[in-house]
Structure formats: structure tokens, C-alpha cells
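A.B. asks: just coords:
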Ligand code: ATP
């Protein structure tokens with residue numbers, strides 16, 4: 001029997017496995033950890049690198065229309081003025097004055113409790129998969145306590161950014177359950193500041209980039225001038241980004257230091273952007289499936305027009321069923337010519353390109369697929385995490401944990417086991433194979449313990465291939481279990 005762990009506790013189990021087997025550790029753990037920062041251990045760094053390499057291969061190296069880039073993390077501060085980040089890059093947040101807890105306004109939901117046409121109170125809930133259920137239960141409680149007769153109207157949750165000033169004192173804090181302690185939504189600057197150079201005055205202020213995209217726009221001219229590209233074309237970049245998130249949480253889903261894989265895909269202003277947008281959404285979904293995410297766990301969230309930034313034509317987020325609910329994994333935005341126009345205006349450098357095909361000069365529009373490495377890694381871990389029951393060496397049925405990674409991204413590609421460690425001919429043969437495979441792949445050699453236990457250890461870290469060297473190998477040249485990923489077999493290994 002193979003089953004997914006229930007979503008309650010699944011995150012805890014993934015966090016535990018990651019720590020135990022050396023995928024991910026809390027940053028600065030010996031000093032008590034540091035909220036919003038994580039370190040990747042020996043297996044984590046392999047998995048992370050494999051995800052990035054797969055993306056780079058598929059999005060850059062195997063495409064004729066995309067070029068790669070690696071720009072600096074700290075850039076001229078004017079870039080962030082032009083992009084709008086200095087003035088606008090902030091999330092509205094809400095403080096609870098009593099509990100001192102802080103919430104992102106767009107993740108705090110509230111609704112009036114209306115009975116027979118009269119508002120008798122408010123309910124609030126922090127965004128979660130069960131938010132509607134929780135709010136309805138709280139509303140029924142309010143009605144019962146108020147001994148109010150009549151029909152309770154449906155609870156329509158809105159996020160706190162949509163609250164009106166007269167509602168601030170009426171919405172209960174999710175921490176205390178009582179109204180009166182929530183502040184109005186307030187802007188919270190998300191960019192980390194630093195100082196560059198020996199002078200510590202205001203002119204030295206610089207920023208750690210909150211996205212890799214602006215490095216692409218800032219280099220667009222350079223890449224156009226190399227003469228290799230023609231419309232439509234893309235520039236791709238993988239790199240660290242930093243955001244002083246108000247409420248970093250859900251493990252590596254929302255952290256303060258993370259990595260992005262972004263593409264700016266430049267198109268003609270007269271191109272059929274809707275069709276190209278659709279094409280990119282499909283490309284992104286296909287890629288996620290190619291690294292092992294189940295198609296049915298990916299959905300599309302199309303942003304309603306009235307919620308789009310003024311320059312944006314359309315945005316579709318690819319959502320994934322994370323352990324904490326369905327959340328954004330990959331944003332695919334049509335940003336028009338906003339960014340290039342802003343840089344043209346602020347830098348005074350022309351951002352026009354001459355399009356040979358149409359003989360026209362224009363500032364291109366962009367489609368921006370933007371994906372987080374860490375969120376992808378969490379999605380991959382979520383999809384791979386499985387528990388099943390197998391008999392142990394003594395025949396007793398035990399529950400075991402395994403990670404079913406696609407071989408494309410698995411941190412260890414194969415494990416090589418000599419059946420017995422005290423038989424030199426087996427050990428020699430196994431070592432020789434191990435050394436040979438090691439030239440190309442990250443493989444693992446394990447000679448200690450019962451063979452079943454050795455397989456179990458590899459199952460837990462998602463190694464797709466196990467190769468046992470036994471006497472058949474020596475005599476008949478055959479390996480056991482070398483055919484295809486064990487977890488793709490119809491029946492579990494005995
Ligand atoms: P969210 O609404 O979840 O904060 P966003 O819309 O601000 O995300 P974008 O600015 O579009 O995100 O960033 C592009 C991608 O970068 C996201 O889809 C996500 O995969 C990743 N990302 C953004 N913020 C974080 C973070 N704090 N931690 C990890 N990954 C992130």
C-alpha cells in the first residue's frame with residue numbers, strides 16, 4: 001500500500017525528514033535559528049542544483065530564442081527607483097496591538113456576520129485551506145452567543161486590504177479573538193538596505209535585489225547590442241533575491257533570502273500577446289510536470305483585471321497543492337513595455353530595438369515567467385513524499401517513508417551495494433562500478449548493514465536506482481534491481 005501522508009502534519013514530516021537526512025537546516029541553528037533563512041545541506045544542495053540545471057537546460061540551452069545572464073545582486077540604486085521598488089515595493093501589514101503579532105493584510109480575511117439583515121459582529125481568519133469553514137463556525141458561535149433569531153447570511157470573506165476605516169475597530173484579531181486591537185493596513189518596506197563604500201551617509205544607500213528581473217532589464221541593451229538576438233527573444237537569469245517578508249513562514253515557501261529563475265521574454269508590441277502568454281503558461285506547466293509534479297496538483301489562478309497593476313495586461317499564477325494549501329508557485333505576467341520605458345526614462349538610454357522582420361523600431365513588450373527555486377523544491381518534496389508499509393527483515397509490517405523523485409532531479413542518482421562486504425570479489429566489482437558511475441553522476445556506495453536496510457535508507461532520500469552486486473553479477477554479468485527506478489515499478493520491491 002502506498003499513500004500520501006495526510007496534509008495535516010505533512011509539512012512537519014517534510015521538515016523533519018529534511019533535517020534528519022541533510023536536505024535543509026534552519027540557518028544559524030546553533031544560535032537558535034534566524035527567522036526566514038534556511039541552509040541547504042548535502043542532499044538539499046544536490047536537489048537544488050539539479051532543479052536549477054534542469055530549468056537552465058530546458059529554458060536556455062535547448063531553446064534558440066533565450067539567452068542567459070548573471071547580473072549582480074547589488075545594483076545602482078537608481079534601478080530600484082526606476083522600477084518602482086523604492087516607492088512602491090511594500091506589503092500592507094496589520095499589527096495586533098495586544099498580541100504584538102503581525103499579519104500581511106492580504107492574508108488576513110474577515111467578514112461581517114449578518115443575521116436577518118443586521119450586522120451583529122465580525123469574524124476573522126488567517127489565510128488557510130479551511131478558512132471558509134473556520135469563519136462559518138465562528139459566525140455561528142457569534143449568532144448563538146447573541147441569541148439572535150433569523151437566518152445567518154452567507155459568510156463572504158474579504159482580505160483586510162479591502163477593509164474600510166470604520167471596520168478596523170470591529171474586526172477581531174485572529175490572535176485574541178477580540179475586536180479593537182488591529183491597526184489599519186500599513187506599508188512595510190520589503191527591500192533590504194545596505195550601504196556601499198566608505199561613507200555611511202544617505203548617498204551610500206543601496207539595496208539587495210528583491211527580484212532578478214531588474215538585472216535583466218538593466219542588461220537588455222547589452223544583449224541586444226551583441227547582435228545575437230531577434231524579436232521575439234528572452235533573457236533568463238537564476239539568482240538570489242531578498243525580501244524582508246513580514247511573516248516568513250511555511251518552511252522555505254516564504255523566506256527572506258531565496259532564489260529565483262526568471263525570464264523576460266521580449267515581444268513586438270503588435271504581437272498576439274494573449275497567444276504567447278498562453279504558450280508560456282503551457283510551457284511552464286509542462287516543465288513542472290517534467291520534474292515530477294503531478295499535473296492534477298497544478299492549477300491556474302487568473303488575476304482579475306481590477307486587481308492588476310496599472311501597467312499589467314494579464315497575470316496568471318500557477319498554483320500548487322503545497323502542504324499548507326494551494327499557493328502560488330510560478331507567476332506568468334504580461335508586463336507590457338512598462339519596465340523598459342521606465343529605464344529608458346530614468347537612464348536616458350534608448351531601449352528601442354530594430355526588428356528585421358517587420359522593419360520596425362520599437363520598445364518591446366514583455367512576458368515574464370517568474371519561478372522560485374525554493375518553492376519549486378518544496379513542491380517537489382511535497383509531491384515526492386510518500387509513506388507505505390513493507391515487511392521488515394523479520395517479516396513484521398512497518399511504515400516507511402520514501403521520496404519518489406523523478407530521476408531528472410534526484411539528488412543521488414544510484415546507489416551501489418556489494419551484497420556482502422567481506423567478499424573481496426563483490427566489493428572490488430562494486431567499487432569499480434561506483435567509480436565509473438561517479439565520473440558522470442552523483443552516486444552513493446554503501447556496503448554496511450542488511451541489504452534491505454540499505455535500500456530503505458536510499459528510498460528515504462529518493463534515490464531512483466539501486467544496483468546490487470552479487471554472485472550473479474560476477475558469474476553471469478547481471479545486476480539486481482538495475483532496470484528502472486524502483487518506485488516506478490508496479491509492485492514494491494520485496
Ligand atoms: P507572493 O504573493 O507569494 O509573495 P509574489 O507574487 O510577490 O509572491 P513574485 O514577485 O511574482 O511573487 O515572485 C516570483 C516568484 O518568486 C514567486 O512565484 C515565488 O515562486 C518566488 N518568491 C517570491 N517571494 C518569495 C519568498 N519570500 N520566498 C520564496 N520564494 C518567493
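C.D. replies: Received it, and whenever you're ready, just let me know what you need. Not measured: the values here are computed from a predicted model.
A.B. asks: isn't residue 441 right up against residue 413?
C.D. replies: Yes - judged on C-beta atoms under 8 Å, residue 441 makes contact with residue 413 at a distance of 4.3 Å. Bear in mind the C-beta positions are built from the backbone N, C-alpha and C, glycine included.
A.B. asks: Comparing the two, which residue is more hemmed in?
C.D. replies: residue 413 (21 against 14; other C-beta atoms under 10 Å).
A.B. asks: ok, that one - contacts?
C.D. replies: 407, 437, 441, 442, 443, 463, 464, 465 (C-beta atoms under 8 Å, 6 or more residues apart in numbering).
A.B. asks: Sitting in strands, which of the residues you listed do you find?
C.D. replies: Here DSSP state E is the test, and those give 443, 465 as lying in strands.
A.B. asks: Kindly reformat the contacts of residue 413 as a markdown table containing distance to the ligand.
C.D. replies: As requested, the contacts of residue 413 are exported to a markdown table (distance: C-beta to the nearest ligand atom, whole Å):
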| residue | distance to the ligand |
| --- | --- |
| 407 | 24 |
| 437 | 33 |
| 441 | 28 |
| 442 | 25 |
| 443 | 31 |
| 463 | 27 |
| 464 | 26 |
| 465 | 30 |
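A.B. asks: Can you say which of the contacts of residue 413 are buried?
C.D. replies: 407, 437, 442, 443, 463, 464, 465 (16 or more other C-beta atoms under 10 Å).
A.B. asks: Pretty sure residue 73 sits against residue 240.
C.D. replies: Yes - in this structure residue 73 lies within contact range of residue 240 using C-beta under 8 Å: 5.9 Å.
A.B. asks: which residues are common contacts for those two?
C.D. replies: residue 209.
A.B. asks: and the gap between residue 103 and the ligand?
C.D. replies: Residue 103 sits at a distance of 14 Å from the ligand (criterion: C-beta to the nearest ligand atom, to the nearest Å).
A.B. asks: actually residue 400, not the one I wrote
C.D. replies: Residue 400 sits 30 Å away from the ligand, going by C-beta to the nearest ligand atom.
A.B. asks: Now name the helix or strand holding that residue.
C.D. replies: Per DSSP states H and E: residue 400 is located in strand 397-403.
A.B. asks: what does that strand rub up against?
C.D. replies: With contacts defined as C-beta under 8 Å, 6+ apart, strand 397-403 is touched by 13, 17, 381, 384-392, 456, 459-462, 487.
A.B. asks: taking those one by one, which sit in strands?
C.D. replies: Those of the contacts of strand 397-403 lying in strands (DSSP E): 385, 386, 387, 388, 389, 390, 391.
A.B. asks: Can you name the residue of the chain nearest to the ligand?
C.D. replies: Using C-beta to the nearest ligand atom, the point where the chain gets nearest to the ligand is residue 372, with a distance of 2.7 Å.
A.B. asks: Make sure that residue is actually in contact with residue 262.
C.D. replies: No - judged on C-beta under 8 Å, residue 372 makes no contact with residue 262 at a distance of 9.6 Å.
A.B. asks: Would you mind giving me the confidence score for residue 451?
C.D. replies: Looking at residue 451, its pLDDT stands at 89.
A.B. asks: Number of residues surrounding it?
C.D. replies: 18.
A.B. asks: isn't it right up against residue 466?
C.D. replies: No - in this structure, residue 451 is not within contact of residue 466 by C-beta under 8 Å, at 9.3 Å.
A.B. asks: Now do residue 292 against residue 402, distance only.
C.D. replies: According to C-beta to C-beta, to the nearest Å, residue 292 stands 13 Å off from residue 402.
A.B. asks: Hmm, residue 426 is touching residue 475, no?
C.D. replies: No - between residue 426 and residue 475 no contact is recorded; they are 11.4 Å apart, counting by C-beta under 8 Å.
A.B. asks: higher neighbour count, these two?
C.D. replies: Taking neighbours as other C-beta under 10 Å, residue 426 and residue 475 compare with residue 426 leading, 21 against 8.
A.B. asks: Wait, a helix at that one?
C.D. replies: Yes - checked against DSSP: H, G, I helix; E, B strand; the rest coil, residue 426 lies within a helix.
A.B. asks: Enumerate the positions of the strand holding residue 400 that are buried.
C.D. replies: 401, 402, 403.
A.B. asks: Let me know the closest of the residues you listed to residue 147.
C.D. replies: Closest to residue 147 out of those is residue 401 (50.3 Å), distances taken as C-beta to C-beta.
A.B. asks: My read is that residue 250 contacts residue 325, right?
C.D. replies: No - contact criterion C-beta under 8 Å: residue 250 and residue 325 do not qualify, at 9.1 Å.
A.B. asks: can you map out the strands along the stretch 251-400 of the chain?
C.D. replies: Counting by DSSP state E, counting those that start in this stretch, the stretch 251-400 of the chain has strands at residues 257-267, 298-302, 314-322, 325-336, 353-355, 360-362, 365-372, 385-391, 397-403.
A.B. asks: Neighbours of residue 35, how many?
C.D. replies: Residue 35 has 13 nearby residues by other C-beta under 10 Å.
A.B. asks: next one: residue 277
C.D. replies: Neighbour tally, residue 277, other C-beta under 10 Å: 21.
A.B. asks: Spatially nearest residue to it, not counting backbone neighbours?
C.D. replies: Spatially, and ignoring its direct neighbours in sequence, residue 277 is nearest to residue 334 (5.3 Å; C-beta to C-beta, 6 or more residues apart in numbering).
A.B. asks: For that neighbour, give me its contacts.
C.D. replies: Residue 334 is in contact with 273, 277, 312, 313, 314, 315, 365, 366, 367, 368, counting by C-beta under 8 Å, 6+ apart.
A.B. asks: make it 6 Å
C.D. replies: 273, 277, 313, 314, 367 (C-beta atoms under 6 Å, 6 or more residues apart in numbering).
A.B. asks: cool, and residue 363?
C.D. replies: Contacts for residue 363 (C-beta under 6 Å, 6+ apart) come out as 337, 340, 351, 352.
A.B. asks: just to revisit the earlier point, and the buried ones among the contacts of residue 413, which is closest to residue 231?
C.D. replies: Looking across those and measuring by C-beta to C-beta, the closest to residue 231 is residue 407, at 36.9 Å.
A.B. asks: which residue sits closest to the closest one, ignoring its sequence neighbours?
C.D. replies: Nearest one to residue 407, counting by C-beta to C-beta, 6+ apart, is residue 464 at 4.4 Å.
A.B. asks: Let me see the backbone angles for the one you found.
C.D. replies: The phi and psi values for residue 464, taken as degrees, to the nearest 10, are phi -80, psi -30.
A.B. asks: So it is in contact with residue 406, correct?
C.D. replies: No - counting by C-beta atoms under 6 Å, no contact exists between residue 464 and residue 406, whose distance comes to 7.8 Å.
A.B. asks: Which pLDDT value goes with residue 469?
C.D. replies: Residue 469 is given a pLDDT of 92.
A.B. asks: Show me the residue at the heart of this structure, geometrically.
C.D. replies: residue 375 (1.5 Å; C-alpha atoms, centre = their mean).
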